[in-house]
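Undergrad: Sequence first, predicted model second:
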Amino acid sequence: MPLVKRVFHIPCRGDECLELATIISEKTPIVEALDIDITNSGLMITMYGYKTDIKRAWENIKSIVKNYKVTTAFGKTTKKYSLQFLVETTRKTFPPQLLVEILNYMGYKALYNNEEIITDASLDLVIEVINKINIIAENIRYKLKGKTTKYYVIAASIITGKSVEEIIHASMEKGLMAKNNDELIITKEWRKALKEILENMLSA
């Protein structure tokens, strides 16, 4: 089967083009050669390889662009990121309501609606928080049980920069966590407990 050259165009603007170019270059299946040029009208993607490989790569790129869905919402800096796009980008699953809660406490606007995260936080920051969520979740996987207890500890740790152990210790002292049949659980609805521990720890 002979090698062929194909050129594709993706319309985009400014930072959107740069972000898409970075993601496409990292996530596109292997072809013999892949060149991405940012132009005034969008991305010019040149691929050189076998027809089947190029077809597979282009289908993947179209999926990336479709799922990216970056649009302005509440202001010029607010964007929408589909859950599918974020999962494909980070290769990690995460609770969207937990991500939104953390971003809001970090001083950003964030909302989960219709399978999308709407926020004024940058894509890099959103990805960073998702990665932190997964790191801490893995750390407490066998230490804590209960979904909302884990949400509480993960959020408090990321927002305050404190270790899981420090969060648990402070929460026990404030009566926000307690032992129940040898298991640590939160004593309030997790968002209420989070607000209380943050008011205490961030004001100290």
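TA: Happy to help now that I have it. Numbering: from 1, shown residues only.
Undergrad: Please work out how many residues are found near the closest residue to residue 53 other than its chain neighbours.
TA: Distances taken as CB to CB, 6 or more residues apart in numbering place residue 31 nearest to residue 53, at 4.9 Å, with adjacent residues excluded. Bear in mind the C-beta positions are built from the backbone N, C-alpha and C, glycine included. Residues near residue 31, counting by other CB atoms under 10 Å, number 17.
Undergrad: Would you confirm that residue 31 belongs to a strand?
TA: No - Residue 31 is assigned coil when assessed by DSSP: H, G, I helix; E, B strand; the rest coil, not a strand.
Undergrad: which residues touch it?
TA: Residues in contact with residue 31 (CB atoms under 8 Å, 6 or more residues apart in numbering) are 47, 48, 49, 50, 53, 54, 57.
Undergrad: List only buried entries from those.
TA: 47, 48, 49, 53, 54, 57 (16 or more other CB atoms under 10 Å).
Undergrad: would you turn these into a markdown table with secondary structure?
TA: Shown next, in a markdown table, are those (three-state DSSP):
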| residue | secondary structure |
| --- | --- |
| 47 | strand |
| 48 | strand |
| 49 | strand |
| 53 | helix |
| 54 | helix |
| 57 | helix |
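Undergrad: is it possible to export the residues you listed to JSON lines including pLDDT?
TA: Listed next are these as JSON lines, based on pLDDT from 0 to 100:
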{"residue": "47", "pLDDT": "92"}
{"residue": "48", "pLDDT": "91"}
{"residue": "49", "pLDDT": "90"}
{"residue": "53", "pLDDT": "90"}
{"residue": "54", "pLDDT": "90"}
{"residue": "57", "pLDDT": "90"}
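Undergrad: Which member of those residues is positioned nearest residue 66?
TA: Proximity of the buried ones among the contacts of residue 31 to residue 66 (CB to CB) peaks at residue 57, which lies at 14.9 Å.
Undergrad: any idea how far the closest one lies from residue 135?
TA: 31 Å (CB to CB, to the nearest Å).
Undergrad: related to what we said a few turns ago, redo the contacts of residue 31 as a markdown table? Include distance to residue 4.
TA: Below are those laid out as a markdown table (distance: CB to CB, whole Å):
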| residue | distance to residue 4 |
| --- | --- |
| 47 | 9 |
| 48 | 7 |
| 49 | 7 |
| 50 | 7 |
| 53 | 10 |
| 54 | 7 |
| 57 | 12 |
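Undergrad: out of the residues you listed, who's nearest residue 87?
TA: residue 57 (19.9 Å).
Undergrad: The closest one is in contact with residue 25, isn't it?
TA: No - at 11.3 Å, residue 57 does not count as touching residue 25 under the criterion of CB atoms under 8 Å.
Undergrad: shared neighbours of the two, anything?
TA: residue 34.
Undergrad: Do you know the pLDDT at residue 46?
TA: pLDDT recorded at residue 46 is 93.
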